[in-house]
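Colleague: Sequence isn't available, so here's the structure alone:
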């Protein structure tokens, strides 16, 4: 992957960078932001890494995670250049209206609107971490062990540990290079996948017990009562929505999380060509082709029926 | 990895090979056996691929899986050279006493006893599929797409899709080369991990509902009644034992499968340095450090207590 020369010269010539990424940060957002910060500081630059939300506990194994600040109050942002990573509009990072000098965007999502002075957006990249990997090398900086761990975590999360369709030979080669630079795949995977609390696991079992299958759609749900009973929070339901896809005949998994009486946050996950972001958008939500979400106010059973109607209308199962 | 010259010359000089692998075959056993068969046949050799057990349904996406025969009755095995893969004693392949000309062993497990005329045993190899990859290249044969899919599946299974401690830079590089040769990571992962039947998933939920945690040990169980209720079989419980390891505080997962009234097949899975094969051997079982098993006759609760006693005695939690 070729890094545009204007991205390189911008980073080389300027000195103070505010690196921001999207709210609800995951491995790619955090890993690529921290890695870029480390490389720029090794070049003698000043960087601030910002996320509106704090680093989730299970990402606190990332070296340098303590760089990520969730406040800008004591900062003269207008003195900084913004590097926006893993998203491409300021709203996603919770920094709309904040003043910066110039703006660089580095992202692998589809561009949502024209934002930024220098844009490097590659939807064909498996992760923003892939882009930052090439960027750091082109800047002539070393992929240190700490950078390698962050970038490996970024690749891991965005490829489902090398299971998704974006897992290319190039991704595996970069992963190999990161391991050579000191990233430990087992350590990273253990931290990402084997650190559930017992109460989270008990909530997971409760969610599975709600399984209902209609046609090729799996429904699961977590109620406020279950959160209370297990002393868990919304964060603990991360990835629950994907699990029923293990079933061969399930084309869409719909996970309902109760936010208030008859209020639900619905996460949709689909396989292959079934586009759930189109379905979510009918309800005012959005997302990607295989992972999308929306909110709805209705008794659970009605909410399920309304969704089934929309899925049938969308013709998803004819594909 | 260097292939011993005697292995290469043996395969080049001889013409008829009986390729056998262990009973209860998984991805590495099947993938490496099928790949070797394809390469040897491309060299004009005659091969038979044998497994005492038939290919599990979820491995029937492997190109060439129909090569695997589970009968030798119409074969003059004494005319064949044996290539024993992914195990190193004939008992594991269910071919003890069968006569062959000479015997080649290709395996990455610790040698159990001195068997075979030519032995290539590399416990440091992540998978037998890694060894077969280098072997095919050294034989001067092409890694065709069909071979690549088989070897990629072998690597995937034995590294937990690149999550286990055996995931090295070398493994990732070989995986990249296999993708370049035509293996599709998403296709393979979907076939391996997203093809559960609904009844298997229902059995999984039932097993999770039996979860009991004592100290750092998670206990789950499947009874004959559950098999009946869900119309499933022992094969459907594959990998159930590993799931409770998702919990941070769980060091050992013990999964009990009822085989008869008060008869249990126990599968142990552990994390890190905890050696469950030592514990299993106390009960006459065996396995690897992090995955072992044994059989016991006792009421379930007694069986659990006996195991807990043994775990405590082993000092596993002091490590």
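Modeller: Everything's here; your move. Note that the structure is a prediction, hence the values are computed from the model and not measured. Numbers count the residues shown, from 1 in each chain, chains lettered A, B, ... in the order given.
Colleague: OK, contacts around the nearest residue to residue A:244 once chain neighbours are set aside?
Modeller: Of all residues not flanking residue A:244 in the chain, residue A:218 sits nearest, at 3.6 Å (Cβ to Cβ, 6 or more residues apart in numbering or on different chains). No exception for glycine: its C-beta is placed from N, CA and C like everyone else's. Taking Cβ atoms under 8 Å, 6 or more residues apart in numbering or on different chains, we find residue A:218 in contact with A:211, A:212, A:244, A:245, A:247, A:250, A:252, A:253, A:254.
Colleague: can you rerun that using 7 Å?
Modeller: Residue A:218 makes contacts with A:211, A:244, A:247, A:250, A:253, as judged by Cβ atoms under 7 Å, 6 or more residues apart in numbering or on different chains.
Colleague: pLDDT at the residue of the stretch 1-150 of chain A found nearest chain B, what is it?
Modeller: Closest to chain B within the stretch 1-150 of chain A is residue A:58: 9.1 Å, counting by Cβ to the nearest Cβ. Residue A:58 is assigned 86 on the pLDDT scale.
Colleague: Next: the one 3 residues further on.
Modeller: Predicted confidence (pLDDT) at residue A:61: the value is 97.
Colleague: My read is that it contacts residue A:191, right?
Modeller: Yes: counting by Cβ atoms under 7 Å, residue A:61 does reach residue A:191; the two are 4.2 Å apart.
Colleague: In terms of neighbours, single out the busier of these two.
Modeller: Higher neighbour count among residue A:61 and residue A:191: residue A:191, with 19 against 15, using other Cβ atoms under 10 Å in any protein chain shown.
Colleague: From residue A:147, how far off is the more buried one?
Modeller: 17 Å (Cβ to Cβ, to the nearest Å).
Colleague: now residue A:63
Modeller: Distance, residue A:63 to residue A:147, by Cβ to Cβ: 8 Å.
Colleague: by contact count, what packs against the worst-scoring helix or strand of chain A on mean pLDDT?
Modeller: The least trusted helix or strand in chain A, going by mean pLDDT, DSSP states H and E, turns out to be strand A:286-287, with a mean of 82. The contact analysis (3 or more Cβ pairs under 7 Å, 6 or more residues apart in numbering or on different chains; DSSP states H and E) places strand A:286-287 against helix A:276-282.
Colleague: Could you pick out the residues of the stretch 201-319 of chain A near chain B for me?
Modeller: Neighbours of chain B within the stretch 201-319 of chain A, by Cβ under 7 Å from any Cβ of the partner chain: A:201, A:205, A:208, A:209, A:211, A:213, A:245, A:246, A:247, A:248, A:249.
Colleague: Among those residues, which ones are in strands?
Modeller: residue A:213 (DSSP state E).
Colleague: any idea which of the residues of the stretch 201-319 of chain A next to chain B is the one closest to residue A:315?
Modeller: Lowest distance from residue A:315 to those (Cβ to Cβ) belongs to residue A:249, with 18.0 Å.
Colleague: Now for the closest one: which residues touch it?
Modeller: So residue A:249 contacts A:216, B:198 (Cβ under 7 Å, 6+ apart).
Colleague: Helices of the stretch 201-319 of chain A, start to end?
Modeller: For the stretch 201-319 of chain A, helices defined by DSSP state H, counting those that start in this stretch occupy the ranges A:224-230, A:276-282, A:300-314.
Colleague: Same list, those, but as a markdown table with mean neighbour count, mean pLDDT and distance to residue B:38 please.
Modeller: Below are the helices of the stretch 201-319 of chain A laid out as a markdown table (neighbours: other Cβ atoms under 10 Å in any protein chain shown; pLDDT from 0 to 100; distance: least, Cβ to Cβ, whole Å):
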| stretch | mean neighbour count | mean pLDDT | distance to residue B:38 |
| --- | --- | --- | --- |
| helix A:224-230 | 15 | 98 | 51 |
| helix A:276-282 | 20 | 93 | 39 |
| helix A:300-314 | 16 | 96 | 42 |
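Colleague: Select, out of those helices, the one closest to residue A:175.
Modeller: Nearest to residue A:175, of all those, is helix A:276-282, at 27.7 Å by Cβ to Cβ.
Colleague: Touching that closest one from outside, list them.
Modeller: Applying Cβ under 7 Å, 6+ apart, the set of residues contacting helix A:276-282 from outside is A:252, A:268, A:270, A:286-290, A:292-294, A:310-311, A:314.
Colleague: hmm, try it at 10 Å
Modeller: If you take Cβ atoms under 10 Å, 6 or more residues apart in numbering or on different chains as the criterion, helix A:276-282 is touched by A:251-254, A:266-270, A:275, A:285-295, A:306-307, A:310-311, A:313-314, A:316.
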